[in-house]
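> Return a 3D structure for these sequence lines:
(chains A and B)
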Amino acid sequence: MIPGLTWLSPAVAGIAAAIAVPSLVLLYFLKLRRQDVEISSTLLWRKAVQDLQANAPFQRLRKNILLLLQLLALAAILIALAQPQMEGERVASGRHAIVIDRGASMRTVDGINEDGNTTSRLEDAKRRALAFVETLREPSVFGVSEADRAMVVAFDSTAEVVQPFTTDKRLLRAAIESIEPSDAASRLDEPLRLVRAQAPLVAPTDEAGAEAGEPRPGAVGTIHIFSDGRPEGGEAVDLHAEDEIEFVSLGQQETGNVGITALDARRQLRQPEDVSVIVGLQSTEREQKAVAVELLIDGTSVAARRLALPAATIQQRSTEDGQTEEVIAPATSGVEFQVTRPGSAIIEARVQDASTGGAPDAFDRDDRAWVVLPGAKRLRLALVTTGSLVLSEALSALPVERVEVFTPDTFQSIEDPFARFDVVVLDGWLPEVDQDTESGREFGLPRGSWLVIDAVPTGPSGLTDNGDGPPAEIVDWRRDHPTLRGLSLSAIRLAASRQIEASETGSATVIASTGGGPAIVAIESARTRAVVVPWDIDESNWWLEPSFIVFLGQSVRHVTDGGPGDARVASRPGVSRGETLPIGVDDARLTPPEGDPLNVPVDSAGQAVAGPLDEVGLYTLSWDGLPGPNDTTRGIRSERTFAVNLTSADASDVTPKRDLVIRAARVGASSIGDGSSRTPRSLWPCLIVVGLAVIMLEWYVYNRKVQL
Amino acid sequence: MLKDASPKRPETVDDLLDASLVAQLSRVDITSRKIFRGKVQGERRSKKRGESVEFADHRPYVAGDDLRHVDWNIYGRLDRLFLKLFQEEEDLSLHLVLDCSGSADCGSPNKFTFMQRAAMALAYIGLVNFNRVSATAVARAEDGTGVLTSVRNLRGRRRVHEIGRWMCSLEPGGDLPFTDACKRIALSRSGRGVMVVLSDLLIKEGYQDGLRLLAGRGYDLVVMQVLSPQELEPSIGGDLRLRDVEDRDNAEVTISAPLLKRYKKIMEAYLREVQGFCAAREMTHLTVRSDTAIDVLLMDYLRKRGVLR
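Numbers count the residues shown, from 1 in each chain, chains lettered A, B, ... in the order given. Got it, this is the predicted structure:
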């Protein structure tokens, strides 16, 4: 036998051969096709035949080139019928899941393709996956042997089934070719769960082999993960005991990277036009690297700084299989720029190779980062109070443009307060509610941004005021809420609390609670944005705490959508982004760094959620309507720009890992698709061609009769 | 070699002999390497000394000799008696043996037609030169013997049409018991002469015994082996069932280049064998293709071999 040669349907060919070959030879001996010719005498012909064909029938067979050619053609066709193919290296037969990492680190260009050109890890992964697909067994024409089935999953922070299980290699190839890189960090749990969801249901059997119990998902087969080993999250994945993991490790261990791991811009508190820009850098290069950090504002270079990044620290670690592995501790550094910029600005930081001015490394997605800095505008506040000194003093301490104090009467005489003020602080008083005169329906607080102290706005907010309550203390608060971020409220004592209830269907969200009920509530609707502290500040010790001033500042920023001054927080790729749009906006459009704009729905609270955003760069959200305090306008449309940066120490470390941790076990790298495995080739088309060629030759010989 | 389904046969003497050929034939005569004794005095020198005016030799007189033949002039000079011997002239017997078997009726041009024409031409030559002309058609007769029909002892130009009609009446077919036919001819033949055997000699029982019988009777035997071009250089091919027209014997062959090469070698060997057989027995043998022109056959082939003069 020829090594690596397999037959998909030998039985069919054997049966056909058992019928066809004797038939052909029998027909030949029966000579059904002999032509009768009358001649003068057979005397000399007999002598000639006797001389030439002394030993019939073998001599006859030997001399008959037509029969030999016919047998040759028949043999070629019969062998083709057996569907031979040269077998490649096979990992396992049956079902295969091809899981391809398309995360940010897979964009690293550190591979060499067949032409000798550099190629990205993702391209390398696709090439190897395609080579692997070629090694799968195809279905035989007669369905005698079973074909291998495979599926294709692409993943970064999320996973997607690009092609469900199929035996069609064409579909598999197209699915692999269609995978595009993203900038998101990769996680392994999602794709493995997706693959598990494709597992066939298998009914458990008892000892006698009979079905026992409900069918359960069986083994998927072999899961081939094409990745650089950076993804995490494989520890907690629940796989079937018979599932096999094959990890195809991509990338070069020596590949280093210089990247921006942090970028922030802050205005000086007292001189907001002065901006401090901080750029954090990280290097996993094995040698010291000279880089240039360039700062651009609105696309114009304003500063540059040369910097020598030290080499990363490399340590040797022994793996479980006894081999040593390098562990790289990246070197970090940073640069600070001081610029003066009173207005809003898009600040970009770039890191370049100091000598060439080009990309400093094989991974370019972290060589640029952006931050959007609103203008140095300050808020205008109105305080409507019957005489709270605490509040007026506290608000005056905030970095705002001005605080004007009104009595309820004077405030009511102002026709459009939000034309003059950004936020209105109500202390122990509520304006008259808007009311539909025909239906009597209340609209709660009037349209606008409010900070309400010692009062309860009922109505659509879903709040119900049950009057004064006993002394209390705040026992729980939402630390992730923008108004309470970084605060501790545990020290606050209330001499007199307010008993209120918040309906689940209303627009109010409880963000802090006493033992008896809500203590601080945030209201967000399409018309109104407010933070409500229903009890009297003066009757508590909060105003003595530093957290009170911080709370006021954060609340004012929250109800005015962030407030001016600080840089807008950048997103990470692969994450969805929610933006609170100005009141009244119900439709928005998002323009990504590359590609066509897309519509983004806006919910009743004014939240526009887009994503996940897979690319790093600047995104622009635009809408018809008034801009927020930090937004810009372009024509009749208002715009808000935000950045998606890969600024993360982990994302900038693109050193490939040779092991994956899955189910608490380490999976070593394999060599699928690296060219060492042979590809099975179906030989039957060639054999059919050979058979036809021999038949044509036989026909030619037959027509030339005896000329050979 | 291949049998023609309906070959065109000559129907009259004119079909067998055209006028230009007749003019050529008038200038030639049959000759023989042997000089035979004829039945009547003819136009031919005999080995026998005789009555003609042509002097041959002298010999001493012995008692009993005819005194009329004594050369008195010599007696006057030498005083011894010598007899004058004169060359006697006698007629020549020409016997034509025509193969009428099925195998002769094959080929293109048809071998039998060619034999008819050649035989007719020879018969004409014989008749106009006052030779006795006989002809025998050999093939299996209804009674199982080898002689089909014959004409005997025709002499003189007036008998040309008679022998022509006989020629045209012949229908070839069947096999040929050649030895039996030759035996019958040899026994029935009175007198000696030139015998021309026209046949393809593709005889399965063998030609040797028959020819030996004919030669044993002292004939000056001329064996004219007529073969068609297809028999000498076959151009057939493929898987064939070859059927013998005489005995219906089948030979299944796959014609290939080596087989054809082999056939040609065997044919050459067969012709050499016949030639050698004839040469050993003082027979004249010549192989004639059926596409040879009759005048070329007569004026060239037969003259060179001394059959005609």
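
> Could you give the number of residues near the closest residue to chain A within the stretch 151-300 of chain B?
For the stretch 151-300 of chain B, the residue closest to chain A is residue B:237, as judged by Cβ to the nearest Cβ, at 3.0 Å. (Glycine included, C-beta is placed from N, CA and C.) Other residues lying near residue B:237 total 18 when counted by other Cβ atoms under 10 Å in any protein chain shown.

> Which residue ranges of the stretch 601-708 of chain A form helices?
Remark: helices of the stretch 601-708 of chain A, listed N- to C-terminal, are A:649-652, A:684-704; assignment by DSSP state H, counting those that start in this stretch.

> what do you get for chain B?
For chain B, the helices identified by DSSP state H occupy B:13-16, B:19-25, B:72-78, B:111-128, B:160-169, B:178-188, B:208-216, B:229-232, B:257-280, B:294-296, B:303-304, in order along the chain.

> Dump those helices into a markdown table; add mean neighbour count as well.
What follows is the helices of chain B, written out as a markdown table (neighbours: other Cβ atoms under 10 Å in any protein chain shown):
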| stretch | mean neighbour count |
| --- | --- |
| helix B:13-16 | 18 |
| helix B:19-25 | 14 |
| helix B:72-78 | 11 |
| helix B:111-128 | 24 |
| helix B:160-169 | 17 |
| helix B:178-188 | 20 |
| helix B:208-216 | 19 |
| helix B:229-232 | 18 |
| helix B:257-280 | 15 |
| helix B:294-296 | 15 |
| helix B:303-304 | 12 |
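
> How about residue B:100: what's its closest non-neighbour residue?
Excluding the flanking residues, the one nearest residue B:100 by Cβ to Cβ, 6 or more residues apart in numbering or on different chains is residue B:139, at 3.9 Å.

> thinking again about what came up before, of the helices of the stretch 601-708 of chain A, flag the one that's most buried.
helix A:649-652 (a mean of 21; mean count of other Cβ atoms under 10 Å in any protein chain shown).

> List the contacts of it.
Taking Cβ atoms under 8 Å, 6 or more residues apart in numbering or on different chains as the criterion, the residues outside helix A:649-652 that touch it are A:104-105, A:185, A:257-261, A:282, A:284, A:330, A:332, A:363, A:366, A:646.

> any idea which of those residues is closest to residue B:187?
Using Cβ to Cβ, the shortest approach to residue B:187 within the contacts of helix A:649-652 belongs to residue A:105, at 119.6 Å.

> pLDDT at the residue of the stretch 151-300 of chain B closest to chain A, what is it?
Residue B:237 is assigned 78 on the pLDDT scale.

> In this structure it contacts residue B:255, no?
Yes. Counting by Cβ atoms under 8 Å, residue B:237 does reach residue B:255; the two are 4.6 Å apart.

> in chain B, which helix or strand is least confident?
Taking mean pLDDT, DSSP states H and E as the measure, strand B:44-60 is the helix or strand of chain B with the lowest mean score, a mean of 62.

> Okay, now the unreliable bits of the stretch 101-250 of chain A?
Per-residue confidence for the stretch 101-250 of chain A (pLDDT under 70) gives these ranges: A:140-145, A:206-212.

> Then the stretch 251-400 of chain A?
In the predicted model, the stretch 251-400 of chain A carries pLDDT under 70 at residues A:269-270, A:319-322, A:360.

> Quick check: residues of the stretch 151-300 of chain B near chain A?
By Cβ under 8 Å from any Cβ of the partner chain, the residues of the stretch 151-300 of chain B that approach chain A are B:200, B:202-204, B:228, B:231, B:236-246, B:249-260, B:262-263, B:266-267, B:270.

> distance of the residue of the stretch 151-300 of chain B closest to chain A from residue A:39?
With distances taken as Cβ to Cβ, to the nearest Å, residue B:237 is found 14 Å from residue A:39.

> cool, residue A:245 as well?
Residue A:245 is 80 Å from residue A:39, where distance means Cβ to Cβ.

> So these two - more neighbours on which side?
Counting neighbours by other Cβ under 10 Å for residue A:245 and for residue A:39 shows that residue A:39 has the greater number, 25 against 21.

> The more buried one contacts residue B:105, doesn't it?
No. Residue A:39 lies out of contact with residue B:105 (Cβ under 8 Å); the separation is 11.8 Å.

> excluding its backbone neighbours, what's nearest the residue most central in space within chain B?
Taking Cα atoms, centre = their mean as the criterion, residue B:196 is the residue nearest the geometric centre of chain B, at 0.9 Å. The shortest distance from residue B:196 to any non-neighbouring residue, by Cβ to Cβ, 6+ apart, is to residue B:222 (4.5 Å).

> so what's the one you found bridging to?
When bridges are called by DSSP bridges, residue B:222 pairs up with residue B:196, residue B:284.
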